[in-house]
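Novice: Model the structure of this input:
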Amino acid sequence: MVGMIFRIVNDSASDYFRHLAWLDAVPEDSKQSRKQQLKGSGFLNIEPDTRALWLINIAFECGLYQSSGMGLQPVGWVDINNYMIATGRKWTWLSKVIRRLSLDYLNEYHAAKEPGKASPFQELLDVEVNRDNVKRQLKNFIKAKKRYD
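Specialist: Now for the predicted structure:
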């Protein structure tokens, strides 16, 4: 049971970081990141799963990536270890998860440079867009009905 709960939390954090990477990426046919292109849209309003917030906060504190002469790199083991020592955490599994989240972010960041790459949350966003469309159509129907009644 604990393993299943942790898997859900871990997958939720991974999906959230992959979505952030998708937003941060600059598609090859553009000069702006998707975050800049989609300003004001639902794509920027996605909140992480509340069950994963603690893990997401720890990963943000440690860092999503590091920059080097070779470009963006995953957070290094030495940096993760130093973070763990500085914060008093001695959990090996957490170090591995932070490293994996960093790798997930960077893998999605590089893959998302492809112009047609969909967000990891595309299905969720499609539901939200459809819900907004239905809501708008219902409001318009009610307004029109009131005018004719």
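
Novice: where does the protein have low pLDDT?
Specialist: Segments of the chain classed as low confidence (criterion: pLDDT under 70) are 1-9, 42-43, 123-137, 149.

Novice: hey, where'd the helices end up in it?
Specialist: Secondary structure of the chain, counting by DSSP state H: helices at 2-24, 34-37, 53-62, 77-87, 92-111, 122-148.

Novice: possible to save these as TSV with mean neighbour count?
Specialist: All C-beta spots, glycine's among them, are computed from the backbone N, C-alpha and C. As requested, the helices of the chain are arranged in TSV below (neighbours: other Cβ atoms under 10 Å):
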stretch	mean neighbour count
helix 2-24	17
helix 34-37	16
helix 53-62	17
helix 77-87	13
helix 92-111	18
helix 122-148	11
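
Novice: check contacts around Val97.
Specialist: For Val97, the contacting residues are 10, 13, 55, 59, by Cβ atoms under 8 Å, 6 or more residues apart in numbering.

Novice: my guess is the second one contacts Thr50, does it?
Specialist: When you say that, I think you mean Ala13. No: between Ala13 and Thr50 no contact is recorded; they are 11.4 Å apart, counting by Cβ atoms under 8 Å.

Novice: Once you drop chain neighbours, what's closest to Met84?
Specialist: Nearest non-adjacent residue to Met84, counting by Cβ to Cβ, 6 or more residues apart in numbering: Ser95, 5.9 Å away.

Novice: Return the residues in contact with that neighbour.
Specialist: With contacts defined as Cβ under 8 Å, 6+ apart, the neighbours of Ser95 are 77, 80-81, 84.

Novice: wait, which of the residues you listed is closest to Gly40?
Specialist: Sorting the contacts of Ser95 by distance to Gly40 puts Ile80 at the head of the list, at 35.6 Å, by Cβ to Cβ.

Novice: mind listing what that closest one touches?
Specialist: Taking Cβ under 8 Å, 6+ apart as the criterion, Ile80 is in contact with 62, 95, 98-99.

Novice: for Lys35, same thing?
Specialist: Taking Cβ under 8 Å, 6+ apart as the definition of contact, the neighbours of Lys35 are 23-24, 44.
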